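> need coordinates for the following:
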Amino acid sequence: MAEYKPYSEQPHLHTQAPYRAAMLTYPGNLRQALKDAMEDPAKTLFGVAHGIPSTFVTKLIAGTKPDFVWIDVEHGMFNRLELHDAIHAAQTHSEGKALVIVRVPKNDELSLTTALDAGASGIIIPHVESAQEVKDMIKEMYYPPMGHRSFSPWTFTPGVYDASLYPRDAYNVSTSNNHVCIIPQIESVKGVENADEIAAVPGVHALMFGPGDYLIDAGLDLTSALSGEPHPTFAKAMEKFGAAAQKNGLPIFGGALSVDMVPMLIQQGFRAIAVQFDVWGLSKLIHGSLTQARAAAKQVASQTNGETEGETKEAKP
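Residues are numbered from 1 along each chain as shown. Presented below is the predicted three-dimensional model:
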């Protein structure tokens, strides 16, 4: 009979989660993860964009151990409880491997508070058009002295759930202020014009571009630009955005329409890339299977019809 060893004595079974917090209900160190990726492109973070408001789906995603799960509350239909539970599910089912990044609707204090209290490691602020907007959000996102975030009495139980990676940090205030990242998303003509000053705000940890909203705001054709034929105005905007990120030493966060794009994105300065979108991935999987099945049915029908015609000819005198 095989020798039994408890899980604690078999470290090869433990998930390597170098950026996790002391507790899986509090934010992992996204700030350090992005810093490491900037120093070494091989450490670029790869994750999944999560828009289906289901913790069952969250668990499936987290079980694959991505570097991050990007939960989109701006357009995904997450209510407050689903968001809270999804963040915990992502961190728990990945055993601390997956850092959680949440895009909250602009000026939505409830979603922001819920995401932070649940342990999100990064907050994407959409539709940013000025440096002042970023400065205002920093005040909302961090505890004093960095900001004026409110402390939740329901996040911990004193003496029970109070472990921290930092000394004298029973309530993980230092964990939050040292780990959580703010990621402004620029996605308008005005935002691109102010990209340099937005990127230069102290405390910004990454930038994100919104191609769809920018194209619409600029009055450009959405389909042609996203199909690989960008308008010169769009290309110029992307160049200005990328230059602002590079000038300020900031990584770029975003999604890849296909895995083939990853090398190009890394060369452009992307260091956190969503390589799959749950809605798109599921739709494409189902569509591909249906297309393949229908093609197989036509092939069988064609072969059967051909055999039938051959049998009929042979049967004639």
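
> what's the weakest-modelled helix or strand in this structure?
Within the chain, no helix or strand scores below helix 222-226, which has a mean of 72 by mean pLDDT, DSSP states H and E.

> just how off-centre is the next helix or strand after that helix within its chain?
Under the assignment DSSP states H and E, the closest C-terminal helix or strand after helix 222-226 is helix 232-247. Here the centre of helix 232-247 is set off from its chain's centre by 22 Å, with CA atoms, centre = their mean, to the nearest Å.

> please apply the same query to stretch 163-173.
From the chain centre to the centre of stretch 163-173 is a distance of 26 Å (CA atoms, centre = their mean).

> so Arg271: helix, strand or coil?
Per DSSP: H, G, I helix; E, B strand; the rest coil, the secondary structure class of Arg271 is strand.

> my understanding was that it contacts Met38; is that so?
Yes - using CB atoms under 8 Å, Arg271 is in contact with Met38, at 5.9 Å. Using the backbone N, CA and C atoms, a C-beta is placed for each residue, glycine as well.

> ok, those two, which is more surrounded?
More crowded of Arg271 and Met38, by other CB atoms under 10 Å: Arg271, with 25 against 16.

> counting by contacts, list what the biggest helix by length in the chain packs against.
For the chain, the longest helix by residue count, based on DSSP state H, is helix 278-315. If you count contacts as 3 or more CB pairs under 8 Å, 6 or more residues apart in numbering; DSSP states H and E, helix 278-315 packs onto strand 45-50.

> which residues does whichever helix or strand comes after the strand it packs on contact?
Next helix or strand after strand 45-50 toward the C-terminus (DSSP H and E): helix 55-63. In this structure, residues lying in contact with helix 55-63 by CB atoms under 8 Å, 6 or more residues apart in numbering are 48, 50, 69, 82, 85-86, 89-94, 98, 278.

> now list whatever residues contact both of Arg271 and Met38.
Pro251.

> so what sits opposite the spatially most central residue of the chain in the bridge?
When CA atoms, centre = their mean is applied to the chain, the residue found nearest the centroid is Trp70 (2.5 Å). Legend: beta-bridge partners of Trp70 under DSSP bridges are Ala49, Ile101.

> for it, what are its contacts?
Gly47, Val48, Ala49, His50, Ile101, Val102, Arg103, Ile124, Gly255, Ala274.

> same question for Glu239.
Glu239 neighbours (CB under 8 Å, 6+ apart): none.

> three-state assignment of the closest residue to Arg149 other than its chain neighbours?
Once flanking residues are discounted, Arg149 sits nearest to Tyr143: 4.9 Å by CB to CB, 6 or more residues apart in numbering. For Tyr143, the secondary structure call by three-state DSSP comes out as coil.

> so Tyr143 touches Phe151, yeah?
Yes - using CB under 8 Å, Tyr143 is in contact with Phe151, at 6.8 Å.

> shared neighbours of these two, which are they?
With CB under 8 Å, 6+ apart, Tyr143 and Phe151 have common neighbours Val173.

> these two: who's more crowded?
Tyr143 (18 against 12).

> one step back: buried subset of the contacts of helix 55-63 as a PyMOL selection?
Burial among the contacts of helix 55-63 is assessed by 16 or more other CB atoms under 10 Å; the matching PyMOL selection reads:
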select buried, resi 48+50+69+82+86+89+90+91+93+94+98+278
